[in-house]
Each structure stands twice: as C-alpha cells, then as structure tokens.
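In: could you look at this predicted model? Sequence included:
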Amino acid sequence: MTSAVWPTRRTRTALAALLCGTLLAPLNSSMVAVALAPIQRDLGQPLATTTWVVTVFYLTACVCQPVLGRVADRVGPRRLFVAGLAVAALASAVAATATSLPLLVLCRCVQAAGVSVAFPCAMVVIRRHGDATRLSAVATVNTTTGAVGPVLGGLLTSWAGWQAIFWVNLPVMLGALLLAWRAIGPEERRPVRGDLIRAADPVGVALFAAALVGLLDLMLALPRVSVLGAATVVVAGTGFLWWERRAAEPFVDVRALGAARGLVPVLGTFVLFNLAYYGAFYGLPPWLQTALGYDAAQAGLLIMPIAAMSVVATVLGGLVMRRLGIGRALLAGGGLLLAGVAAITTFDTSTPAWLVVLDGVVLGVPYGLCNLGLQRLMYERTPAGMSGVVAGLFQSARYVGAILAVGLVGAFAPGDPAAPTEPRALAVAMTAVAAAVIVILARDQRRSRNDEVPS
C-alpha cells in the first residue's frame, strides 16, 4: 500500500465511522416515537409517563452535546468517540431487556449521552482535515435517518417488538467503534488526571442543564405559566452566563463565542428556524386527525412529503449553495419556510389532501437548505479550538427549537380533548417566527457583504 493511497483510505474510513455515529442520535430519537404505545402496554404505564422515554433523550442530548464537544476539543475525538459509542451500545442492550419503565428511561438517558459524542467529534475531525465539503455528508445522514426513523421503527416493532429498535443499534455502534479506533487519530494529547473534569466544567454544566429543564417545564406547562420553570430559566440562565464569563476553564467560553463575529446569530437563527419548522411538523398531524378525520397512518402519509423533500433538499443543497452562495440559499430557504407556514393559516375542514401534500413539499425544502447552510456558517465562523463545543451548541439549538415547538403546539391546542384542533393560531405564530428568521438572515448577509468590502 502506497503512502499516497493510505491517507485517502484512512480518511474515508474515519468519515464512514463518523457518519455511522452521527446517524444514531436522529435515528434513536425518531424510531421510538412509533414504539411508545407497545412500550406503554408491555410495561403497564400511562402514555403521559411513557413519553419520558422520548423527553429524557432530547434533554440529555441537549446538555451532553456541547459538554462532550468541549471534551473533544481538549483531549481529541478518537477515545471520546469510541468510549461514547461503547457506553451507548451497552445502554441499548440493557434497554432491549428492560422490564420496567424507570430502567428504560435510565437507559435512554445513558444512550443519549453516549451518542452525543458523534456530531461534535465529526466537526473536530472535519476541521482537522480542513475539508468543509464533508459537512454535506453529515447533514444528509442526519436528515435522512431522522426521516426514515419512524418507518424503520414501525417495521421493527411490528416484526419483533419494541425491543428491536434497541437491538438494531448494536451492529451500527460496534461497527462505527471499530472503524473509528482504526482510522481516527492519533490524539493530540492524553488526558491527565482531573483534566476531563476541568474540561467538563461541572458548575457550568449544572447551570446549563437547570436552565434547559426549566425551559422544558415552562413550555410543557403552556398555556399555564409555570412560575418555577420561569424562575429556573432566569436564575440558572443568568448564573450560567455569569459563571462562564469568570470560570478559569468554562465549557462554553461565552467571551470567545461573542467575539466570533456572526456566530451567535447563527445559533439563534437555528433555534428560531427549528421552532417554526417543528411547529408545523408537530402541529399538522393532530389537526389532520381531529378536524379532517384521518387516522394516524393516513396523517403520517400526508406529512411524509415534509421529511422526504428535506432529504432531497439536503442532498442537492451543496449544489444550490455553489450556484447561489450560502447567503442567498439561506434567504431562499427562509422564504419557502415563511410561505409554507403562512399557507397553513388558510387551512380549514374544506382543505383538500393534495394541498396539504403540496405544502409539505414546500416546507421540506427549507429544512434541507437552512440546516445545511447554517451548519456551513457555523463551521466557518467557529474559532480554532472550539469546533467540538460549538458543534454541540448547534445541535442543542436544534433540540431547543423542537422543545419550544412542542410547547407551543400544546399551548394552542383546545382545552377540551374531544374538540378538533385548529391550526390557524399556531400557524400565525409560526409565520411571525419565520419572518424573524428572514430578517436575521438578511441582516447577517448584509453584514457579511460589508465585512468583505475593503476599507
């Protein structure tokens, strides 16, 4: 084997391992959605309690992504990636044999922590090789697995029970683990005693997690106002910013984050974009079932174009951005998002199914374009040495947007469970959010053009 061939093959092997790892988070967050009813039945728990199998995964991943990204920045991605997938594989195996809901929820928590290493480690490795074109592959894998997750989960649950959605993880995790150990590395440094604890910044992590838990409580309580949730968000959020500005080794260097021109707007835009997108994604199915009379399977088919078109748009997004530029492609995606959610304000009981499908196609395109475009801007604007933690924050922004969307869907739901859902009020709110996304993107593009003009 020649020295010229080996680096190329090794890089491709490393990328394959990272792609296998990055698909695990969206796959495991989406597969379980269709398995909730069988899990509820087998473990004898009410549905409201069983949904913690989903909630704990999102919440844990939201906290762990930036934390483990920080660790990857400090000690390198190889050992962290391998250790994370090994932990996730063990948690998946135990989850498949769980006979109680508390044990299953605990396994989901550990599983989420394990798979959270993948995306930050992928960004660190891509930064190391300096090849931003590989971002398209990561975005495509994430989008595709999130779209096929419910279908795969439904098939596995039907054929072999809900336990199969956990067993299916093992060959992917173990394969990615072995490939990563062979191809990623060597590490820049070996961690010394106490280094990982200092890198993780326990106080900062605790405040960050408390703020997210408060946000979750606040949104899930809507339309009521959770005083405890609001107070937790304010106190923990303020405490987090105060601590991170003063800590000797913060896991999120807020000073450097703020100094990185244009990076905070990218993260904020991603939160708002996911809020608008998931507001439509989660808001349409209840309306289709309660107001138009479709069953769950029919409602799923009607919104499938959203997921399908998001995959197509992600695959073609790189070509579009090369033709239009990242800024124009993002504005086009924002415009389609605005058009898609605004169209829902006109939906009523006389709306034909084909119009719902067409609107789903429109909504799917911006997910592909904006997800890829904002990921590219995140990569380009991240300071050296912060690739892992910023990548983790980027994923956390996605989860926060989804959490906010779920809360607003619940807030706009009718008080009477038997009453049909009305999508108009939610769609008006999402239209306002989509308009804000366009304003922020336009200002960011104008700022970028001004930065490029020589003084």
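Out: Yep, that arrived. Numbers count the residues shown, from 1 in each chain.
In: which SS class is residue 98?
Out: coil (DSSP: H, G, I helix; E, B strand; the rest coil).
In: and for the one 4 residues further on?
Out: Three-state secondary structure (criterion: three-state DSSP) places residue 102 in helix.
In: relative to residue 22, how far out is it?
Out: 29 Å (Cβ to Cβ, to the nearest Å). The C-beta positions use only the backbone N, C-alpha and C, and glycine is treated the same way.
In: okay, these two: which has more neighbours?
Out: Neighbours per residue (other Cβ atoms under 10 Å) separate residue 102 from residue 22, with residue 22 holding more: 26 against 12.
In: where's the closest residue to the more buried one other than its chain neighbours relative to residue 438, distance?
Out: Nearest residue to residue 22, sequence neighbours excluded (Cβ to Cβ, 6 or more residues apart in numbering): residue 118, at 4.5 Å. Separation of residue 118 from residue 438 (Cβ to Cβ): 31 Å.
In: compare those two (neighbour count), which wins?
Out: residue 118 (32 against 17).
In: the more buried one is in contact with residue 84, isn't it?
Out: Yes: with contact defined as Cβ atoms under 8 Å, residue 118 and residue 84 form a contacting pair (7.1 Å).
In: overlap in contacts of the two?
Out: Counting by Cβ atoms under 8 Å, 6 or more residues apart in numbering, the contacts common to residue 118 and residue 84 are residue 21.
In: what's the local residue count around the nearest residue to residue 411 once chain neighbours are set aside?
Out: Nearest non-adjacent residue to residue 411, counting by Cβ to Cβ, 6+ apart: residue 222, 3.5 Å away. Look at residue 222: counted by other Cβ under 10 Å, it has 18 neighbours.
In: make 162 the first number, not 1, from now on.
Out: Taking 162 as the first residue, the last one we looked at is residue 383.
In: what's the pLDDT at residue 383?
Out: pLDDT for residue 383: 73.
In: and it, backbone torsions?
Out: Backbone torsions for residue 383, taken as degrees, to the nearest 10, come to phi -60, psi 140.
In: repeat that for residue 409.
Out: phi -70, psi -40.
In: do the same with the one 4 residues further on
Out: Summarising the backbone geometry of residue 413 under the convention degrees, to the nearest 10, its torsions are phi -120, psi 110.
In: list the contacts of residue 271.
Out: With contact set as Cβ under 8 Å, 6+ apart, residue 271 has these partners: 248, 249, 251, 252.
In: 10 Å instead, please
Out: Each residue near residue 271 by Cβ atoms under 10 Å, 6 or more residues apart in numbering is listed here: 217, 221, 248, 249, 251, 252, 253, 255, 256.
In: not counting its neighbours along the chain, what's nearest residue 565?
Out: residue 436 (4.8 Å).
In: the one you found: which element?
Out: Here residue 436 sits within helix 424-451, counting by DSSP states H and E.
In: I'd like the next helix or strand past the helix-or-strand element of the chain with minimal mean pLDDT.
Out: Lowest on mean pLDDT, DSSP states H and E among the helices and strands of the chain sits helix 356-361, with a mean of 62. Next in sequence after helix 356-361, counting helices and strands by DSSP H and E, comes helix 363-381.
In: report the buried residues of the helix or strand that that next one is followed by.
Out: Proceeding N to C from helix 363-381, the next assigned helix or strand is helix 388-407, under DSSP H and E. Across helix 388-407, burial judged by 16 or more other Cβ atoms under 10 Å covers 390, 393, 394, 397, 398, 400, 401, 404, 405.
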